[in-house]
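1. make a model of this:
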Amino acid sequence: MGRQFCASASKGVTVETFPCFSPGAMDAVELARRLQEEATCSICLDYFIDPVMTACGHNFCRNCILMSWEKGKVKKGKKKKGCFPCPECREMNPQRNLRPNRLLIKVAEMARQHLGLQKRDLCQTHQEPLKLFCQDDQSPICVVCREAQEQRVHSVKPVDEAAREYKTKLEEDIKYLREEVTKTETLQAKGEETLTQWQEKVKERRERILEEFQKVVLFLVEEERRLLQVLKKEEEDTVGRLQDSKAFLDSQSSSLDLLLLQLEEHSQQGPLQMLQDVKDTLARRESLCVKYPEMALPVAIKTVCRVPGQIEVLKSFQEDVVPDPSSAYPYLLLYESRQRRYLSPPPEGSTPQSKDRFVAYPCAVGQKSFSSGRHYWEVGMNLTGDGLWALGVCRDNVSRKDRVPKSPENGFWVVQLSKGKKHLSLLPDSTPITLTEPPSHMGIFLDFQAGEVSFYSVNDGCHLHSFSQTAFPGPLLPFFCLGTPKSGQMVISTVTMWVKG
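-> Presented below is the predicted three-dimensional model:
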């Protein structure tokens, strides 16, 4: 059979006599068949690979024509040296005179792609175009399939209409998956932040445990190791749970990203291609199970910093601290139990305004200041309301007339004790640490040379908080601050303080 493709002579037929490239002369199926024929090598009967043209104008794969001529060498008979017959027309051609046909390379590739699509667009049973979509079977069918006995009772729609409906469903699923990806990414970020914060808190607690043991060098090293091991176990358990949650979210994020990518690619295909596997595609979305593990930061570290016998050691530095009545807030009552008398009775009709008296808060300071050495004292608390108390030390020259935040920058090294959930405006914008479950008996230890103030629960010996700095700027005084009237009492040595109601 003779064939010719455009300007490249192929098997002896001219362009003018070849009708296959007239789109109106045949239907799409016939056009595809002719295109396949023109893109096929007559030797290997497959699509051209590296096509070349002989001198007589026929096209073959380069390897095919060379192998054909190689076989011809062993045959007997007279042949012109260096010339071999064309497998198509038998005309003698110089072996070296082969020209690459680049245009035919593109035609062969077009034929491969067109025929692959054409095959998918046709019913495999009847070779008819797939123009309908069976909603019962969830698959495209042709008009011949529609007339089959089992298909007559099925619900059928045109392909384009069904594609629009399912495209809408796919878009809804894509939107849902994008939202789930966003939620997962948010949880991932929270999980990483939680892990970082938790490890930072563990780091601070570890440092505090080490420092507390350094203060009391006479205590057993085994107890120090035991506490560190307990903290390490707590850290490992908590970090392990957080890391497991993070790993789960990472895996879930990857799965969601992959499914989202597949759905997006599927939704961008043509109607028929989109509907080929639409049932499996939608089933993957419906079977998706998205979970969100909790990633909340623990409220507090369970491992406490408790050095056995530390309170007893600190009591060797105990001072007889007594509040100074001349510094007390006018309505702050001080009752001395030994002498059974009020040290600072409330004013009757007028309020003393001496330079030493606190007038902004219900506060008082100790009679004795400290500018060196180590000192320890204890304060008992009987808290009855939702008030806010403060204990610690302050500079001897702090403002007693103005309301200022009780922070180291303003000369206060104190902890706040809050029994209730409300914070009084008594100490606005204050920065001291607040204990939501204050002990009934507080110990305060001042190491002036070390620049450190530490707070302890006397009942169980737990360390509560410490302030550390290079050096204190001057003499310090014990500081006491109560809440509102009827909110409780403080007991310092033999003196009981409360606010008059």
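
2. could you list the low-pLDDT ranges of the stretch 1-150 of the chain?
-> The model of the stretch 1-150 of the chain has pLDDT under 70 over residues 1-30, 32-33, 74-82, 95-96, 114-120, 149-150.

3. which residues in it form strands?
-> Along the stretch 1-150 of the chain, counting by DSSP state E, counting those that start in this stretch, strands occupy 51-53, 59-61, 83-85, 92-94, 99-100, 132-134, 139-141.

4. can you lay out those strands as TSV showing distance to E312?
-> Bear in mind the C-beta positions are built from the backbone N, C-alpha and C, glycine included. Converted to TSV, the strands of the stretch 1-150 of the chain look like this (distance: least, C-beta to C-beta, whole Å):
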stretch	distance to E312
strand 51-53	100
strand 59-61	99
strand 83-85	112
strand 92-94	113
strand 99-100	99
strand 132-134	87
strand 139-141	85
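
5. just name the most buried of those strands.
-> strand 59-61 (a mean of 24; mean count of other C-beta atoms under 10 Å).

6. and that strand, what does it pack onto?
-> The helices and strands touching strand 59-61, judged by 3 or more C-beta pairs under 8 Å, 6 or more residues apart in numbering; DSSP states H and E, are strand 51-53.

7. who are the packing partners of the strand it packs on?
-> strand 59-61, helix 62-72, strand 99-100, helix 102-121.

8. output the second one as CSV, restricted to C-alpha atoms.
-> C-alpha atoms of helix 62-72 as CSV (Å, rounded to 0.1, in the frame of the first residue of the first chain):
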residue,chain,number,x,y,z
ARG,A,62,16.2,4.4,11.5
ASN,A,63,16.9,1.1,13.3
CYS,A,64,14.4,-0.7,11.2
ILE,A,65,15.8,0.3,7.8
LEU,A,66,19.4,-0.3,8.9
MET,A,67,18.5,-3.8,10.1
SER,A,68,16.7,-4.5,6.9
TRP,A,69,19.7,-3.4,4.8
GLU,A,70,22.1,-5.4,7.1
LYS,A,71,20.1,-8.5,6.4
GLY,A,72,20.4,-7.8,2.7
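
9. tell me the buried residues in it?
-> R62, C64, I65, W69 (16 or more other C-beta atoms under 10 Å).

10. from those, pick the one nearest L435.
-> Nearest to L435 among the buried residues of helix 62-72 is R62, at 88.3 Å by C-beta to C-beta.

11. contacts only, for the closest one.
-> I49, D50, P51, V52, L98 (C-beta atoms under 8 Å, 6 or more residues apart in numbering).

12. could I get those residues as CSV with distance to D396?
-> Output for these, formatted as CSV (distance: C-beta to C-beta, whole Å):
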residue, distance to D396
I49, 98
D50, 98
P51, 102
V52, 104
L98, 107
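
13. of the residues you listed, which is the nearest to E207?
-> I49 (72.3 Å).

14. tell me how many other residues crowd the closest one.
-> 13 (other C-beta atoms under 10 Å).

15. that one and I105, how far apart?
-> 9 Å (C-beta to C-beta, to the nearest Å).

16. just Q269 next, same as before
-> 27 Å.

17. cool, and L210?
-> L210 is 76 Å from I105, by C-beta to C-beta.

18. before we move on, what about C363?
-> Distance from C363 to I105, by C-beta to C-beta: 94 Å.

19. please apply the same query to Q229.
-> 73 Å.

20. in JSON lines: the helices and strands packed on strand 51-53, plus distance to S372.
-> Listed next are the helices and strands packed on strand 51-53 as JSON lines, based on distance: least, C-beta to C-beta, whole Å:
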{"stretch": "strand 59-61", "distance to S372": "101"}
{"stretch": "helix 62-72", "distance to S372": "100"}
{"stretch": "strand 99-100", "distance to S372": "99"}
{"stretch": "helix 102-121", "distance to S372": "92"}
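
21. to L177, which of the ones you listed lies closest?
-> Here helix 102-121 is closest among these (C-beta to C-beta), at 26.8 Å.

22. tell me which of L210 and I105 has more neighbours.
-> I105 (16 against 13).

23. and K215, how far from V107?
-> Relative to V107, and taking C-beta to C-beta, K215 is found at 89 Å.

24. which residues in the protein form helices?
-> 28-38, 62-72, 102-121, 143-146, 159-215, 221-267, 271-276, 278-286, 310-314 (DSSP state H).

25. quick check, nearest of the buried residues of helix 62-72 to V307?
-> Nearest to V307 among the buried residues of helix 62-72, with distances taken as C-beta to C-beta, is R62, at 88.6 Å.

26. what's across from Y456 in the sheet?
-> G443, H463 (DSSP bridges).

27. related to what we said a few turns ago, of all the helices of the chain, which lies closest to G483?
-> Closest to G483 of those, according to C-beta to C-beta: helix 310-314, at 26.2 Å.

28. just checking, what packs against that closest one?
-> strand 441-447, strand 452-457.

29. of all those, which lies closest to E91?
-> strand 452-457 (107.0 Å).

30. mind checking the pLDDT average for the closest one?
-> Strand 452-457 shows a mean pLDDT of 94.

31. please apply the same query to stretch 339-352.
-> pLDDT averaged over stretch 339-352 gives 64.

32. what's the answer for stretch 167-182, then?
-> On average, stretch 167-182 scores 91.

33. send over that stretch as CSV, restricted to the C-alpha atoms.
-> C-alpha atoms of stretch 167-182 as CSV (Å, rounded to 0.1, in the frame of the first residue of the first chain):
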residue,chain,number,x,y,z
LYS,A,167,-17.8,19.1,39.8
THR,A,168,-19.9,21.0,42.3
LYS,A,169,-19.5,18.2,44.8
LEU,A,170,-15.8,18.0,44.2
GLU,A,171,-15.4,21.7,44.8
GLU,A,172,-17.3,21.3,48.1
ASP,A,173,-15.0,18.5,49.1
ILE,A,174,-12.0,20.6,48.1
LYS,A,175,-13.2,23.5,50.2
TYR,A,176,-13.8,21.2,53.2
LEU,A,177,-10.3,19.7,52.8
ARG,A,178,-8.7,23.1,52.6
GLU,A,179,-10.5,24.1,55.8
GLU,A,180,-9.3,20.9,57.5
VAL,A,181,-5.7,21.5,56.3
THR,A,182,-5.9,25.0,57.8
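
34. show me what counts as buried in it.
-> K167, L170, D173, I174, L177, E180, V181.

35. how far out from the middle of the chain is stretch 46-56?
-> Computed by C-alpha atoms, centre = their mean, to the nearest Å, the separation of stretch 46-56 from the middle of its chain amounts to 58 Å.

36. quick one, what contacts the most centrally placed residue in the chain?
-> Closest residue to the average C-alpha location of the chain: Q188 at 1.8 Å, with C-alpha atoms, centre = their mean. For Q188, the contacting residues are K246, L249, D250, S253, by C-beta under 8 Å, 6+ apart.

37. which of those has the most neighbours?
-> L249 (24 neighbours).

38. contacting residues around that one?
-> Here L249 is in contact with T184, L187, Q188, G191, P293 (C-beta under 8 Å, 6+ apart).

39. distance of the third one from L195?
-> Noted for Q188: a distance of 11 Å to L195, by C-beta to C-beta.

40. return every residue with contacts to both of those two.
-> K246.

41. of the buried residues of helix 62-72, just say which sits nearest to G488.
-> Checking the buried residues of helix 62-72 one by one against G488 (C-beta to C-beta), the nearest turns out to be R62, at 101.0 Å.

42. wait, which of the helices and strands packed on strand 51-53 is closest to N410?
-> helix 102-121 (79.0 Å).
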